[in-house]
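Engineer: Requesting a structural model of the entry that follows:
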Amino acid sequence: MTAATATGAPPASCLAVGGIALDRLAERVGSTPFFAYDRAAVDARVNLLRSTLPAEIELGYAVKANPMPALVQHLSGRVDSLDVASAGELRVALDTPLAPERISFAGPGKTPGELAQAVAAGATIELESSTEAGRVVAIGERLGIRPRVAIRVNPDFQVKGSGMRMGGGPQQFGVDAELVPALLDSLATADVELAGFHVFAGSQNLDAEILCEAQERTVELMMRLAERASEPPSYLNVGGGFGIPYFERDRPLDLAPIGANLERLLAEAIRPRLPGASVVVELGRYLVGEAGVYVTRVVDRKRSRGKTFLVVDGGLHHQLAASGNLGQVIRRNYPVAIGNRFDEAPAEEVSVVGCLCTPLDLLADGVELPRAEIGDLVVVFQAGAYGLTASPTAFLGHPQPAEALV
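Structural biologist: Alright, predicted model coming up:
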């Protein structure tokens, strides 16, 4: 995101998204609120990963982070695979030029109908339980198709420092590591193509040292399980979990040690044993989170007992995480700006509140911003991942916001 002055605009500078001044972009979209995603920023993030991680590492995009069809289409030409978590996301992925075998379907609770769609499409199904495995085998027999599967493993370790732990201990995700050998034995006699394993232990981690340790333990676990497989695995998804900075004290993730660690693991652990296996790092938030903004317009400005409120036409029903996810114990502000006064100095302390009838509808609390008037554009940054589709859009019946890829 850069500051720019729109043609015909007053001297006050305007944030630009994708090279388009925000006030002009708002006119182009036609209404507020809206989300805008900068394709150049997405490309820059992919290029950074390609230049830092080993060349052998394949990049996967976790569609759940942002399933906007245009964005998924754009990323399909820049990553090596797509991971989906529903039949709806599967349809979006199948509309891209990527081959179906480059699409993986993960997540607990896949219905028999969803599994049948994935088998028929030729996608890789990441098995989350022995029940799911049995269903996939039966579907393959019914359809006369040999399913391609991988086992999602719930590891016997936890990743510290992750925003959300999704591995270690009791989990609804994956097959417990100690139960995988028995599942491998049952699959060895079934008519399926067992591609390999997927381990994803946690998300939103900003500590490179912790991520390196997690990758090392993940590879160690995969090598142990590979010895129990009837055929050498061709697919090793080591997960992701790379975080982005959301709050003032957050520091960007240092990719360099992660790249060096993966290079070492490839050379010392993976290639000597599984020279033909594809090694995938699967990322969602890290690819798109910082490329997106949420834009909402000030509809009222009011003072209440010494406090100034900017009331906007958006809110937590579109950008839940920025509001504090319906009540965090310690609430922190996402970065915000007055987009059409981007270079003006802060002039007052305000709280930005949405249009919903709840005190939880708070996009920014006690932030220093330039003085904003009715009609000005408030921008919430870091909105490219887990924004619109991770928010309660039906709450109070307000219209859906637009999305634009620019």
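
Engineer: Now the terminal residues of stretch 95-109, how far apart.
Structural biologist: One end of stretch 95-109 to the other measures 24 Å (Cα to Cα, to the nearest Å).

Engineer: buried sites along it?
Structural biologist: For stretch 95-109, burial by neighbour count (16 or more other Cβ atoms under 10 Å) applies to 96, 98, 102-107. For the C-beta atoms, the positions are set from N, CA and C on the backbone; glycine is no exception.

Engineer: which residues of the stretch 201-350 of the chain fall in helices?
Structural biologist: 208-226, 255-265, 285-288, 320-323 (DSSP state H, counting those that start in this stretch).

Engineer: Give me the contacts around the last one.
Structural biologist: Residues external to helix 320-323 that are found in contact with it (Cβ atoms under 8 Å, 6 or more residues apart in numbering): 294, 315-316, 326, 333-334, 354, 360-364, 380, 383, 386-387, 390-392.

Engineer: would you put the C-alpha positions of that helix in PDB?
Structural biologist: Extracted in PDB, the C-alpha atoms of helix 320-323 (Å, rounded to 0.1, in the frame of the first residue of the first chain):
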ATOM      1  CA  LEU A 320     -14.600  -9.900  13.000                       C
ATOM      2  CA  ALA A 321     -11.000 -10.400  13.900                       C
ATOM      3  CA  ALA A 322     -10.200  -6.700  14.000                       C
ATOM      4  CA  SER A 323     -13.000  -6.200  16.400                       C
END
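
Engineer: Mind listing what's buried along the biggest strand by length in the chain?
Structural biologist: Counting by DSSP state E, the longest strand found in the chain is strand 292-304. Neighbour counts using 16+ other Cβ under 10 Å place 292-298, 301 of strand 292-304 among the buried residues.

Engineer: pLDDT weak spots in the chain?
Structural biologist: 1-12, 159-170, 328-329 (pLDDT under 70).

Engineer: Could you point out which of the helices of the stretch 201-350 of the chain sits nearest residue 74?
Structural biologist: Comparing the helices of the stretch 201-350 of the chain against residue 74 with Cβ to Cβ, the closest turns out to be helix 285-288 (9.8 Å).

Engineer: now for that closest one, which elements pack on it?
Structural biologist: If contacts are counted by 3 or more Cβ pairs under 8 Å, 6 or more residues apart in numbering; DSSP states H and E, helix 285-288 sits against helix 39-52, helix 69-76.

Engineer: Contacts for stretch 383-397, please.
Structural biologist: 35, 37, 42, 64-68, 244, 284-285, 288-294, 316-322, 334, 356-357, 400-401, 403.

Engineer: buried sites along that stretch?
Structural biologist: So for stretch 383-397, counting by 16+ other Cβ under 10 Å, buried means 383-388, 390-391, 395.

Engineer: Quickly name whichever of the buried residues of stretch 95-109 is closest to residue 226.
Structural biologist: Taking Cβ to Cβ as the measure, residue 104 is the one of the buried residues of stretch 95-109 closest to residue 226, at 18.1 Å.

Engineer: Tell me the bridge partners for the closest one.
Structural biologist: residue 83, residue 124 (DSSP bridges).

Engineer: was I right about it contacting residue 124?
Structural biologist: Yes. With contact defined as Cβ atoms under 8 Å, residue 104 counts as touching residue 124 (4.4 Å).

Engineer: Now do the shared contacts for the two.
Structural biologist: In contact with both residue 104 and residue 124: residue 150, using Cβ under 8 Å, 6+ apart.

Engineer: which residues touch residue 353?
Structural biologist: By Cβ under 8 Å, 6+ apart, residue 353 lies in contact with 309-312, 315, 361-363.

Engineer: Please repeat the previous calculation with a cut-off of 10 Å.
Structural biologist: Shown in contact with residue 353 (Cβ atoms under 10 Å, 6 or more residues apart in numbering): 300, 302, 309-312, 315-316, 323, 359-365.

Engineer: And those, which of them are buried?
Structural biologist: Among the contacts of residue 353, those buried by neighbour count (16+ other Cβ under 10 Å) are 310-312, 315-316, 323, 360-365.

Engineer: Which one of those is nearest to residue 217?
Structural biologist: Nearest to residue 217 among the buried ones among the contacts of residue 353 is residue 323, at 35.1 Å by Cβ to Cβ.

Engineer: Could you check how far that closest one is from residue 22?
Structural biologist: Noted for residue 323: a distance of 22 Å to residue 22, by Cβ to Cβ, to the nearest Å.

Engineer: related to what we said a few turns ago, rebuild the helices of the stretch 201-350 of the chain as CSV, extending it with distance to residue 235.
Structural biologist: As requested, these are exported to CSV (distance: least, Cβ to Cβ, whole Å):
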stretch, distance to residue 235
helix 208-226, 10
helix 255-265, 16
helix 285-288, 20
helix 320-323, 31
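
Engineer: which one of the ones you listed lies closest to residue 197?
Structural biologist: Nearest of these (Cβ to Cβ): helix 208-226, 5.2 Å.

Engineer: buried sites along that closest one?
Structural biologist: Neighbour-count burial for helix 208-226 [16+ other Cβ under 10 Å]: 208, 210-212, 214-219, 221-223, 225-226.

Engineer: so how far is it from its chain's centroid?
Structural biologist: Offset of helix 208-226 from its chain centre (Cα atoms, centre = their mean, to the nearest Å): 21 Å.

Engineer: And that helix, what does it pack against?
Structural biologist: Here helix 208-226 touches strand 148-154, helix 180-188, strand 193-198, strand 202-203, strand 235-237, helix 255-265, strand 278-283, going by 3 or more Cβ pairs under 10 Å, 6 or more residues apart in numbering; DSSP states H and E.

Engineer: How many residues are close by the closest residue to residue 182 other than its chain neighbours?
Structural biologist: Computed as Cβ to Cβ, 6 or more residues apart in numbering, the closest residue to residue 182 that is not its neighbour in sequence is residue 130, at 7.9 Å. Using other Cβ atoms under 10 Å, residue 130 has 14 neighbouring residues.

Engineer: residues touching residue 130, list them.
Structural biologist: Residues counted as contacts of residue 130 (Cβ under 10 Å, 6+ apart) are 175, 179, 182-183, 186-187.
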